[in-house]
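Student: with the input below, show me the fold.
(chains A, B, C and D)
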Protein chains: 4
Amino acid sequence: MHRMGVAEFQALIERDLPIGRWLGFRVEAMGEGTATIRLPARQDFLRPGGSIAGPAMMALADCAMYGVVLGLRGDAVMAVTSNLSIHFLRAPKPVDLIAEAKLLRLGRRLAVIEVSIHAAGEDRPVAHVTGTYALPSPSHGDGSAVP
Amino acid sequence: MHRMGVAEFQALIERDLPIGRWLGFRVEAMGEGTATIRLPARQDFLRPGGSIAGPAMMALADCAMYGVVLGLRGDAVMAVTSNLSIHFLRAPKPVDLIAEAKLLRLGRRLAVIEVSIHAAGEDRPVAHVTGTYALPSPSHGDGSAVP
Amino acid sequence: MHRMGVAEFQALIERDLPIGRWLGFRVEAMGEGTATIRLPARQDFLRPGGSIAGPAMMALADCAMYGVVLGLRGDAVMAVTSNLSIHFLRAPKPVDLIAEAKLLRLGRRLAVIEVSIHAAGEDRPVAHVTGTYALPSPSHGDGSAVP
Amino acid sequence: MHRMGVAEFQALIERDLPIGRWLGFRVEAMGEGTATIRLPARQDFLRPGGSIAGPAMMALADCAMYGVVLGLRGDAVMAVTSNLSIHFLRAPKPVDLIAEAKLLRLGRRLAVIEVSIHAAGEDRPVAHVTGTYALPSPSHGDGSAVP
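Tutor: Predicted coordinates:
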C-alpha cells in the first residue's frame, strides 16, 4: 500500500486544494496514523477581538485528518469528511497554529481521527476535534467513496 | 436591543471577517432567530472529485450561526463559536451553496443554532450543522464573551 | 425490502434491548424515514435539580434513530451507532419525553438521522441530536455492519 | 474550594442518580481534572450482536465528565451537560468498560472534557467522547446553572 509523505501531501494541497493553498497550510509531519499541519499566522485569519477565526481552525483540523488518511492509504485521495465535531477551548493569539491529528480507528470504510490544535510555543490546546472520514473502496477503479 | 440586519452584517463581514470576504459570503436574509447566507460558486472551493470542499461549508455554517446571534443581539459582535458539529450528507455539485440557520435555544450565555446547507436549486440538504455560540455579557463594557 | 413497523420494533426492544426495556420506551410511530418514541416519566430518570437525566435522553434519541433505520430496512437489526452529537437545550420537567427522528440521508453504508426531543404537551425542544448509523451490507449472510 | 472525592461521588450516584445506580457505576478514581468510572458487565447492557449497547457507554461517559466537574468544584452538583459528541470505534466485548475523563478547559461557566472508553484488559478505545458541562455560578445561592 502506497503511503503519502510530507512532500507529496504538500504538493497535493498546492495543486488540488485551493482553500488549503490560500490558507497557506504547511505539512510538517506524516506518520503511521498521525499528521501535523501548520497554519502560518496572517492578518487574513483574524476575527473581531483579534483572535484567529474558527473557520481557519476547522479547515486546519480537516486537513490534518485528511493527512492521517493519506499517510495510511495514499490511494484514498477521494476520501471525504463524513462528520466533524469541534470544541473551541481558548481564543488563540494571532500566531501560527499547529494541528496534530491521530488515528483513533481505521475500518474498511471509515477512519475516526482526533485532532488537537495549539498555538506555536504553547502546550495548551485551543481547539479539540473528532471526526470521521469515509474511505473509498480499494477495489473501486475510480477510488470514489460511497458513504 | 439593537438587531443587526442584512446590510449591517454584510458590511461587518467585508470589514472584519477577511475569511468570509475571501469566500465571498452574501447575506441574503436576517430574521428573528434565522439567517440565510449564500456562498457563490468559485473554482477556489473545489476539492478532489470536483465537489465543494468541506471547510467552505463549515465556514458558511459558522457565518450563518453568527448571523442568527447578531440578528438577535446586535451588540454581540464578540460572540464566539463554542462548539460545532457537522454531518456531511452528499457531495455538493459546484454551484452556489445556501445555509439556512435557525435558533434552537437562546440563553443568557449560550445560543444553540441549527444550520441546513443545500445547493442552489435543490431541496435536499448537503450538510447539517448544530453548534453553540458563547455570548458576551450585555453588562461587560468591552462586550467580550467569557466562556 | 421488509420494513419494520410499530409492533415489531416494540417487540424487538422488549426482547433484545434490555436498557430500552428498563427505560420503558414506547414506540409511537414508524414512518418512511421517521420514528417517534416516548419515554414515560418515572422517578428513576431524575437527576439533581429534579429534571430528567441526560443519559435517558441520549438513550431515547439513539432508540429513535434505530427506529428510523429499521423502518427503512427491517433486515438491519445489526446496524450500530457510529456517532451521535447531542445539544441539550432546556432542563425538561419530569414528564413524558417524546423523540421524533427524521432521516437526513440514507446511503448504502451510513444513515444520518436528526432527532428532536420535547416534553409531552410542549412544542419547544429540550434536546437536539444528529447521528450516524452504520448499516450492515444487505449481502452479508450474518447481517453484520462493517464500519 | 471543596473537591469531591471517590467516596463522596459514589454516594451521590447511589443517592441522586438512579440511572447510574441501576447501571452500577463504580467510581474508581477522581483526580485534579480527571475521573475514572467503571461499568461492571451485566446481561442488561447487551444489544443485538452481543456487544454493549451505545446508551450504556454514553451514560458512562457523561458520568465520568460529571466526575471531572465535581472533582474540581464540589459545589457544582447542579452542573448540567450542555453538549456531548461520541464516536463509537469498536463493538466492545461484554466485559467491564472503563471511562477515563480528562479536563480540556475549565472556564467560569463551561468545562470542556474528553473521555476515552476502553474494555477492561484492553488498551484500544471503544469510544471517544468530547463534551461540555455548564457550571453553576459560585455566587448563586441555589447553585443552579444558567446556560
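Student: tilt between the lengthiest helix in chain A and helix B:54-72?
Tutor: Criterion DSSP state H: the longest helix present in chain A is helix A:54-72. With axes from the mean of the first three to the mean of the last three Cα atoms, to 10 degrees applied, the angle from helix A:54-72 to helix B:54-72 works out at 160 degrees.
Student: in chain A, what residue spans correspond to helices?
Tutor: Going by DSSP H, chain A shows helices at A:6-16, A:18-23, A:54-72.
Student: let's have the ones you listed in CSV, adding distance to B:Val129, mean neighbour count and mean pLDDT.
Tutor: For the C-beta atoms, the positions are set from N, CA and C on the backbone; glycine is no exception. Shown next, in CSV, are the helices of chain A (distance: least, Cβ to Cβ, whole Å; neighbours: other Cβ atoms under 10 Å in any protein chain shown; pLDDT from 0 to 100):
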stretch, distance to B:Val129, mean neighbour count, mean pLDDT
helix A:6-16, 25, 16, 98
helix A:18-23, 18, 20, 98
helix A:54-72, 11, 27, 98
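Student: could these go into a markdown table alongside distance to C:Leu60?
Tutor: Listed next are those as a markdown table, based on distance: least, Cβ to Cβ, whole Å:
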| stretch | distance to C:Leu60 |
| --- | --- |
| helix A:6-16 | 43 |
| helix A:18-23 | 39 |
| helix A:54-72 | 30 |
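Student: for stretch A:130-137, which outside residues touch it?
Tutor: A:61-62, A:65-66, A:69, A:73, A:75-76, A:78-85, A:104, A:107-115, A:143-147, C:82-83, C:110, C:132, D:85, D:87, D:128, D:130 (Cβ atoms under 8 Å, 6 or more residues apart in numbering or on different chains).
Student: out of the helices of chain A, which is closest to chain C?
Tutor: helix A:54-72 (13.9 Å; Cβ to the nearest Cβ).
Student: buried subset of the contacts of stretch A:130-137 as a PyMOL selection?
Tutor: The buried subset of the contacts of stretch A:130-137, as determined by 16 or more other Cβ atoms under 10 Å in any protein chain shown, is captured in PyMOL by this line:
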select buried, (chain A and resi 61+62+65+66+69+73+75+76+78+79+80+81+82+83+84+85+104+107+109+110+111+112+113+114+115+143+145+147) or (chain C and resi 82+83+110+132) or (chain D and resi 85+87+128+130)
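Student: filter the contacts of stretch A:130-137 down to the ones in strands?
Tutor: A:80-85, A:104, A:110-115, C:82-83, C:110, C:132, D:85, D:87, D:128, D:130 (DSSP state E).
Student: out of the helices of chain A, flag the one nearest B:Glu14.
Tutor: helix A:54-72 (15.9 Å; Cβ to Cβ).
Student: show me which residues of chain A are close to chain D?
Tutor: Within chain A, the positions adjacent to chain D are A:Ser85, A:His87, A:Leu89, A:Arg90, A:Leu104, A:Arg105, A:Val112, A:Glu114, A:Pro125, A:His128, A:Thr130, A:Thr132 by Cβ under 8 Å from any Cβ of the partner chain.
Student: and stretch A:14-34, how far from the chain's centre?
Tutor: Chain-centre distance of stretch A:14-34: 7 Å, with Cα atoms, centre = their mean, to the nearest Å.
Student: is chain B contacted by it?
Tutor: Yes: for stretch A:14-34, a contact with chain B is found by Cβ under 8 Å from any Cβ, at A:Asp16, A:Leu17, A:Pro18, A:Ile19, A:Trp22.
Student: OK, contacts around the last one?
Tutor: With contacts taken as Cβ under 8 Å, 6+ apart, A:Trp22 has the following neighbours: B:Trp22, B:Asp44.
Student: the second one now?
Tutor: Applying Cβ under 8 Å, 6+ apart, we find A:Leu17 in contact with A:Phe25, A:Cys63, B:Arg47, B:Pro48, B:Ala53.
Student: burial of the last one, as a residue count?
Tutor: Each residue near B:Ala53 was counted by other Cβ atoms under 10 Å in any protein chain shown, and the total is 25.
Student: surely it touches B:Asp44?
Tutor: No: using Cβ atoms under 8 Å, B:Ala53 makes no contact with B:Asp44, being 9.0 Å away.
Student: who touches both of the two?
Tutor: A:Ile19.
Student: avg pLDDT for stretch A:81-88?
Tutor: Mean pLDDT, computed over stretch A:81-88, is 98.
Student: contact partners of it?
Tutor: A:54, A:57-58, A:61-62, A:65-66, A:110, A:126-134, A:147, B:54, B:58, B:80-88, C:83, C:85, C:110, C:132, D:85, D:104-105, D:112, D:130, D:132.
Student: ok, A:Arg3 touching A:Asp75?
Tutor: No: with contact defined as Cβ under 8 Å, A:Arg3 does not reach A:Asp75; the gap is 9.8 Å.
Student: contacts only, for the closest residue in space to A:Gln10 that isn't next to it in sequence.
Tutor: Leaving out its chain neighbours, the residue that sits closest to A:Gln10 by Cβ to Cβ, 6 or more residues apart in numbering or on different chains is A:Val27, at 4.5 Å. Listed by Cβ under 8 Å, 6+ apart, the contact set of A:Val27 reads A:Val6, A:Phe9, A:Gln10, A:Ile13, A:Ala35, A:Thr36, A:Ile37, A:Gly67.
Student: make it 6 Å
Tutor: For A:Val27, the contact set (Cβ atoms under 6 Å, 6 or more residues apart in numbering or on different chains) comprises A:Val6, A:Phe9, A:Gln10, A:Ile37.
Student: using JSON lines, lay out the residues you listed together with distance to D:Ala120.
Tutor: Below are the contacts of A:Val27 laid out as JSON lines (distance: Cβ to Cβ, whole Å):
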{"residue": "A:Val6", "distance to D:Ala120": "39"}
{"residue": "A:Phe9", "distance to D:Ala120": "38"}
{"residue": "A:Gln10", "distance to D:Ala120": "43"}
{"residue": "A:Ile37", "distance to D:Ala120": "36"}
